[in-house]
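Q: No letters, just coordinates:
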């Protein structure tokens, strides 16, 4: 996710706006909801004009910010309605040459207090959630805060790790809360080789194993946490969400299938399981017999990893990490995906 500073994921920024609302003072909020090309700040950047003329935050400076400051002043003064507009290079003449979709809205104290109070609670809780905004009618911007567990499976908001803008429906979504975790179920040879590779490319890694001699934190210095638990009851120790990544490489086929069955309910962003093609067929058949959605079962990366003819645990680790990097990139909107190297 992008930098949280001066966004609605910034506790200090939200707290300052909440103080204004509790004091009964309205404010104007400028938001970048999407960008095209190069811009100083991306989607989720916020800037607020308070009743006493104080400015909080920035949406990147330059001509875009100047024009949005003027708009905020007019909206707060009641001289103009809320507005949503693509600030194109042709309109701004910005040297960076990009475009930004900017929304400006007046927040009344009553509405802002309840919403920002709930937002502050969620940010402090450490729970993953989603901020959604409906800009169909800029005069009545609908803002919704939903726990990730409340977002339906298959909804793009359930797995995204970047902001989403739907131009057709004028809807915006922003993932909030802790960054996704890559869970490695099984700390054997492959798991041990995989953890430093994943950590080195920006994944937060948690290792889970049921063996006291394997679930040893000192053996996984790159992991954020090492958990000793029961593969048949992973929920007792970890809470996998739809944003997370799951690698299943336990020390037995039965445990692999048990873990896959348990994570099926939350539909993680990525699920891969180690094994031969023969084992893959057996695992899929078993999961379907247990009532797991066949379409989801067929989508598991099983056998796991990119097809690079990997043999040794370090090679297999590289193939798994490569597949996860690809998956992470594909979760971004097409316009924000990196160019293929």
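A: Arrived safely. Note that this is a predicted model, so its numbers are computed, not measured.

Q: any idea whether residue 153 is helix, strand or coil?
A: coil (DSSP: H, G, I helix; E, B strand; the rest coil).

Q: Next, count neighbours for residue 271.
A: 26 (other Cβ atoms under 10 Å). For the C-beta atoms, the positions are set from N, CA and C on the backbone; glycine is no exception.

Q: Then residue 29?
A: Count around residue 29 with other Cβ under 10 Å applied: 23.

Q: And stretch 193-210, what's buried?
A: In terms of neighbour count (16 or more other Cβ atoms under 10 Å), stretch 193-210 has its buried residues at 193-199, 203-210.

Q: just stretch 134-142 next, same as before
A: 135, 141.

Q: Residues in contact with the helix or strand hosting residue 104: which ones?
A: Assigning secondary structure by DSSP states H and E places residue 104 in strand 99-107. By Cβ atoms under 8 Å, 6 or more residues apart in numbering, the surrounding residues in contact with strand 99-107 are 17, 21, 26-37, 39, 43, 59-60, 64, 68, 71-72, 75-76, 82-89, 133, 135, 138, 141, 165.

Q: after it comes which helix or strand?
A: With secondary structure assigned by DSSP H and E, strand 99-107 is succeeded by helix 109-125.

Q: relative orientation of that next one and strand 99-107 in degrees?
A: Computed by axes from the mean of the first three to the mean of the last three Cα atoms, to 10 degrees, the angle separating helix 109-125 from strand 99-107 equals 120 degrees.

Q: Can you give me the neighbour number for residue 239?
A: Neighbour count of residue 239, defined by other Cβ under 10 Å: 13.

Q: Just the pLDDT for it.
A: Note for residue 239: predicted pLDDT of 96.

Q: what do you get for residue 97?
A: 58.

Q: one step back: mind listing what the strand holding residue 104 pairs with, with the direction of each?
A: Next to strand 99-107 in the sheet, as set by DSSP bridges, lie strand 27-36 (antiparallel), strand 83-87 (antiparallel).

Q: Residue 211 touches residue 250, doesn't it?
A: No: Residue 211 is beyond contact range of residue 250, at 9.8 Å (criterion: Cβ atoms under 8 Å).

Q: the more surrounded of those two?
A: Per other Cβ under 10 Å, whichever of residue 211 and residue 250 has more neighbours is residue 250, with 23 against 13.

Q: Excluding chain neighbours, give the residue nearest to that one in space.
A: Counting by Cβ to Cβ, 6 or more residues apart in numbering, residue 186 is the residue found nearest to residue 250 once chain neighbours are left out, at 4.0 Å.

Q: Who are the contact partners of that neighbour?
A: 208, 209, 247, 248, 249, 250, 251, 255.

Q: returning to what we had before: give me whichever of the strands paired with strand 99-107 is most buried.
A: Greatest average neighbour count among the strands paired with strand 99-107 goes to strand 27-36 (a mean of 24), per mean count of other Cβ atoms under 10 Å.

Q: what element comes up after it heading to the C-terminus?
A: strand 46-49.

Q: Now for residue 184, how many residues are close by?
A: Neighbours of residue 184 using other Cβ under 10 Å come to 28.

Q: how close does it sit to residue 220?
A: Computed as Cβ to Cβ, to the nearest Å, the residue 184 to residue 220 distance reads 9 Å.

Q: tell me, what's touching these two both at once?
A: Residues touching both residue 184 and residue 220 (Cβ under 8 Å, 6+ apart) are 195, 205, 207.

Q: show me the contacts for residue 71.
A: Residues counted as contacts of residue 71 (Cβ under 8 Å, 6+ apart) are 30, 80, 83, 104.

Q: typo on my end, residue 61
A: Here residue 61 is in contact with residue 40 (Cβ under 8 Å, 6+ apart).

Q: can you map out the helices along the protein?
A: Counting by DSSP state H, the chain has helices at residues 11-22, 62-76, 89-92, 109-125, 189-200, 253-263, 277-289, 294-299, 313-330.

Q: From the contact counts, what lies against the longest one?
A: Meaning helix 313-330. helix 189-200, strand 245-248, strand 270-273 (3 or more Cβ pairs under 8 Å, 6 or more residues apart in numbering; DSSP states H and E).

Q: ok, now with 6 Å
A: helix 189-200 (3 or more Cβ pairs under 6 Å, 6 or more residues apart in numbering; DSSP states H and E).

Q: Show residues contacting the helix it packs on.
A: For helix 189-200, the surrounding residues in contact (Cβ atoms under 6 Å, 6 or more residues apart in numbering) are 182, 184, 205, 220, 222-223, 249, 313-314, 316-317, 320-321.

Q: Kindly recompute the last result at 8 Å.
A: Contact with helix 189-200 is made by 182, 184, 205, 207, 209, 219-223, 247, 249, 274, 313-314, 316-318, 320-321, 324, as judged by Cβ under 8 Å, 6+ apart.

Q: Among these, the buried ones, what's the ChimeraX command?
A: One line in ChimeraX is enough to select the buried members of these, burial here meaning 16+ other Cβ under 10 Å:
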select :182,184,205,207,209,220,223,247,249,274,313,316,317,318,320,321,324
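
Q: Near residue 309, how many residues? Count them for me, please.
A: Residue 309 has 7 nearby residues by other Cβ under 10 Å.

Q: Could you double-check that residue 10 sits in contact with residue 18?
A: No: counting by Cβ under 8 Å, residue 10 stays clear of residue 18, with 12.0 Å between them.
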